[in-house]
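Engineer: A structural model of the following input is requested.
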Amino acid sequence: MKALSVVEQAGKLISSGEKTLEIRKWKPNELPLKDLAIVQNKKRLTKADPVDPEGRVVAIVDVNHIRPWTFKEAEAACSEWEKGWLAWELKNIRKVIIPIKAPAKRKIYNIENNIEDLQTEDVKKSKDM
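Structural biologist: Numbers count the residues shown, from 1 in each chain. Prediction:
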C-alpha cells in the first residue's frame, strides 16, 4: 500500500478531520492517490536521515487534486501560509482506530500493510455522533 509520512501533530489533525490539506513543495508523479496511508512519526525526515522505523499508520486518505496553496486556506492546512507551496486535498479521510507500526520515509513510498489489515472509521461519521 502507498504511504506518506507526516510529523506527529499533523497526523493527529488529519486523522481527526481537522486538517484537510497537506502542504508540500512537490507533487507525486501520479494522481489520484486512493487509499493512501498517512504514517505519523516523531521527527522531520531529511536526506541525511530519511527513515524513522517507529512510524504508525493513523489515517487513510484519498488525494485527487493538488494545486497552489492560497492564503485563505491556512486554517484547513493547520499551518501559517507561505507562498510557493502546494495544497494536497485530503478526501475520504478514515481514522485508523488502532494505529499499526510502519516505517516513515520521504516522498510517496510502499509499506507492507494492506488496507484490509486496518480497522478504520469514517471521520465525518465519528464527528456527527
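
Engineer: center of the chain - which residue?
Structural biologist: residue 38 (4.0 Å; CA atoms, centre = their mean).

Engineer: what's the helix or strand for that one?
Structural biologist: strand 33-41 (DSSP states H and E).

Engineer: Kindly give the local confidence score, pLDDT, for residue 49.
Structural biologist: On the pLDDT scale, residue 49 is placed at 87.

Engineer: part of a helix, is it?
Structural biologist: No - counting by DSSP: H, G, I helix; E, B strand; the rest coil, residue 49 falls outside a helix, being coil.

Engineer: Count the neighbours of it for me.
Structural biologist: The criterion is other CB atoms under 10 Å. On that basis, residue 49 has 10 neighbouring residues. (Each C-beta comes from the backbone N, C-alpha and C, glycine too.)

Engineer: which one is it nearest to, not counting chain neighbours?
Structural biologist: In this structure, residue 49 finds its nearest non-sequential neighbour in residue 43, 7.4 Å apart by CB to CB, 6 or more residues apart in numbering.

Engineer: what residue ranges in this protein are flagged as low confidence?
Structural biologist: Applying pLDDT under 70 to the chain flags the ranges 125-129.
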